[in-house]
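Novice: Pasting a predicted model and its sequence here:
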Amino acid sequence: MALTGKHFIAGRWTASGEADFTSINPRTKAAGEVKFYNATAEEIDQAVSAAADAFQITRNFSAEKLAGFLEKAADEIEALGDELLETADMEAGLGIPRFTGERGRTTGQLRAFAKLIREGSYIDAIIDTALPDRKPLPRPDIRRMQIPIGPVAVFGASNFPLAFSVAGGDTASAFAAGCPVIVKAHPSHPATSELVARAIGNAIKACGFPAGFFSLVQGRTIESGQNLVKHPQLAAVGFTGSLRGGRALADTAAQRPTPIPVFAEMGSINPVVILPGAIKERGDALAEGLANSVTLGSGQFCTNPGLIFVMDTPESETLIENTASQMKGKPECVLLNAGIEKALASTVETTRGRDGVNTLAGGEALEGRDFFSYSNTVMATDVDNFIADPQLQTEHFGPVTLFVTCKDTQSLNEAISHLEGNLTATVHATEKELEDAGQLFNHLREKVGRLIFNGFPTGVEVSYAMHHGGPYPATTAPGTTSVGMTAIRRFMRPVTFQGLPDSLLPDALKSANPLGIWRIVNGEYSKDSI
């Protein structure tokens, strides 16, 4: 199907700004044929205003109606067929197998949220019935549940054109909550974004939803994103990207006359601790696993293991050497775009220039390539340098990792105490080292959102128990997740109903429990009527 380069605003394809940017194929650096438009302030106003109007309707939609829409959206995305996979690969260069899996993850998320809201307990219905005879004061009837927060802006991520983009986890969880969504497409994959927007538009029409429930705006200017966040009718923001970008949006949202939450996932260096016994037991496998994890997706994962702590032993020295050798043997990577290539080269150059940092593999731009790339890189330093230099915690968004050699357990624990917030932390240990691993996890849990044992952080399961978040600067909201079923909580807020007659209560709180959902009634879980 022919691309338009336009925005999809409340059911209409429109463009009134400049058509001045295209897709860039990262494998060839060739520009795409279709020019895309930058959204104007007026178009953003149209999108958010339409979303606000739609919210007056969708905020009262039943879980079944919302679930049906989510499933239809998944069906429509799959109906795009190979064109979607080929377009995403042209714009991001990550390969058809990768995008086949990512499409499955995207549609799987939509269907998982449909299942979640049909089950109903996500509403967190809590009922404390009246105690009119309580002394010294009676207790009124008090009932509480979660309701949707309002129109949500979602910023597509560069490294996941499907699963963290137009119909990705932020959008799926906001839709499930009953919130209209305005997506700001990432300028690196505008064509992929337009295709997915068509699929969602088809689902909206088929399910009889108000057109303003979804809009897509394109643009490569900073102003388009800022105008979106500033709009007075916007209620929340979902963002996956750089620390600089996420912090800018969070600051803009905080400075509004009415501040709104920004749920920004901004990257991480994901520390990995490998204890001596694990290295002795499976050093070769660890070197191979590290190299595979660091280079997965050309290292362009927010869960890339960018920092590895080991003890100063001969076996650790061999592990570092083997990991460097493995990295050298990996194919040259393809980076997503010119901006990432430039930023990575600059960041690695800065790190290599810090005191006490040695480069064991890579550490150089790949000149003369027809594709965006950077060498697979391994650097090393010691624990004293790491503790003294906060700059060594800078994220390298690409196939790059830094080893830190520690003198003893005390220096390792001190290094951990200096860590900034991260998404994940991993410990590799043997059965004999479980006590030490437990102590490490006790320290690391204060620094991260997910703890991993004898594994690698790349790969985030979409499940009920998953927490993909962490303390700042990994995210702006460490109490929330951007992956998994509890992601829906970001786009809902609690309301208490006190003393209302049953006829005025939402169905979730009515005494007869017409939805048949789990509720906490007077401190006990129950599906019974009251």
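Specialist: Arrived safely, thanks for sending.
Novice: who's in contact with the helix or strand where residue 245 lies?
Specialist: Per DSSP states H and E: residue 245 is located in helix 243-254. For helix 243-254, the external contacting residues (Cβ atoms under 8 Å, 6 or more residues apart in numbering) are 155, 222, 225-226, 229-230, 237, 239, 259-262, 264-267, 395, 473, 476. Glycine gets a C-beta too; all of them are placed from N, C-alpha and C.
Novice: Give me the pLDDT for residue 75.
Specialist: On the pLDDT scale, residue 75 is placed at 98.
Novice: And for the one 5 residues further on?
Specialist: Among the per-residue scores, residue 80 shows a pLDDT of 98.
Novice: do you know how far it is from residue 282?
Specialist: Counting by Cβ to Cβ, to the nearest Å, the gap from residue 80 to residue 282 is 43 Å.
Novice: what's stretch 59-77 in contact with?
Specialist: 58, 84, 103, 106-108, 110-111, 113-115, 117-118, 120, 147-148, 150, 167, 172, 175-176, 178, 196, 198-200, 202-204, 206-207, 209, 515.
Novice: I'd like to know which of those are part of strands.
Specialist: 147-148 (DSSP state E).
Novice: pretty sure residue 411 contacts residue 383?
Specialist: Yes: taking contacts as Cβ atoms under 8 Å, residue 411 lies within contact range of residue 383: 4.6 Å.
Novice: re the thing from before, the helix holding residue 245: how far from the chain's middle?
Specialist: Relative to its parent chain, helix 243-254 has a centroid offset of 15 Å by Cα atoms, centre = their mean, to the nearest Å.
Novice: got the CA positions of it in CSV?
Specialist: The C-alpha coordinates for helix 243-254 follow below in CSV (Å, rounded to 0.1, in the frame of the first residue of the first chain):
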residue,chain,number,x,y,z
LEU,A,243,18.3,10.1,29.3
ARG,A,244,18.6,13.5,27.6
GLY,A,245,15.2,13.1,25.8
GLY,A,246,13.3,11.7,28.7
ARG,A,247,14.6,14.3,31.1
ALA,A,248,13.7,17.1,28.7
LEU,A,249,10.1,15.8,28.5
ALA,A,250,9.9,15.3,32.2
ASP,A,251,11.1,18.9,32.8
THR,A,252,8.6,20.3,30.3
ALA,A,253,5.7,18.3,31.9
ALA,A,254,6.8,19.5,35.4
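Novice: List the buried residues of it.
Specialist: Within helix 243-254, the residues scored as buried using 16 or more other Cβ atoms under 10 Å are 243, 245-250, 252-253.
Novice: Of the contacts of stretch 59-77, grab the buried ones for ChimeraX.
Specialist: Of the contacts of stretch 59-77, the buried ones can be selected in ChimeraX as follows, counting by 16+ other Cβ under 10 Å:
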select :58,84,103,106,107,110,111,113,114,117,118,120,147,148,150,167,172,175,176,178,196,198,199,200,202,203,204,207,209,515
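Novice: Sort out for me which of the contacts of stretch 59-77 are in helices.
Specialist: 58, 84, 103, 106-108, 110-111, 113-115, 117-118, 172, 175-176, 196, 198-200, 202-204, 206-207 (DSSP state H).
Novice: ok now stretch 432-444, how far from the chain's centre?
Specialist: With Cα atoms, centre = their mean, you get 28 Å for stretch 432-444.
Novice: which residues does residue 389 contact?
Specialist: 354-355.
Novice: Same check on residue 121?
Specialist: 517-518.
Novice: Can you check the pLDDT for it?
Specialist: pLDDT, read off for residue 121, is 95.
Novice: distance of it from residue 175?
Specialist: Using Cβ to Cβ, residue 121 is found at 18 Å from residue 175.
Novice: can you check residue 225 too?
Specialist: 21 Å.
Novice: same thing with residue 149?
Specialist: Residue 149 is 13 Å from residue 175, by Cβ to Cβ.
Novice: Also residue 447?
Specialist: 32 Å.
Novice: same thing with residue 420?
Specialist: 33 Å.
Novice: Next: residue 386.
Specialist: Residue 386 is 43 Å from residue 175, by Cβ to Cβ.
Novice: go on, residue 151?
Specialist: Residue 151 is 12 Å from residue 175, by Cβ to Cβ.
Novice: Need the residues touching each of the two.
Specialist: residue 181.
Novice: All the helices of the stretch 401-530 of the chain, residue numbers only.
Specialist: Remark: helices assigned in the stretch 401-530 of the chain by DSSP state H, counting those that start in this stretch are 409-417, 434-444.
Novice: Now a ChimeraX select for only the buried ones of the contacts of helix 243-254.
Specialist: The buried subset of those, as determined by 16+ other Cβ under 10 Å, is captured in ChimeraX by this line:
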select :155,225,229,230,237,239,260,261,262,264,265,266,267,395,473,476
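Novice: In helices, which of the contacts of helix 243-254 fall?
Specialist: Filtering the contacts of helix 243-254 for helices - DSSP H - leaves 222, 225-226, 229-230.
Novice: if I look at residue 96, how far off is residue 174?
Specialist: 29 Å.
Novice: Counting neighbours, go ahead and name the busier of these two.
Specialist: Using other Cβ atoms under 10 Å, the more surrounded residue of residue 96 and residue 174 is residue 174, with 32 against 12.
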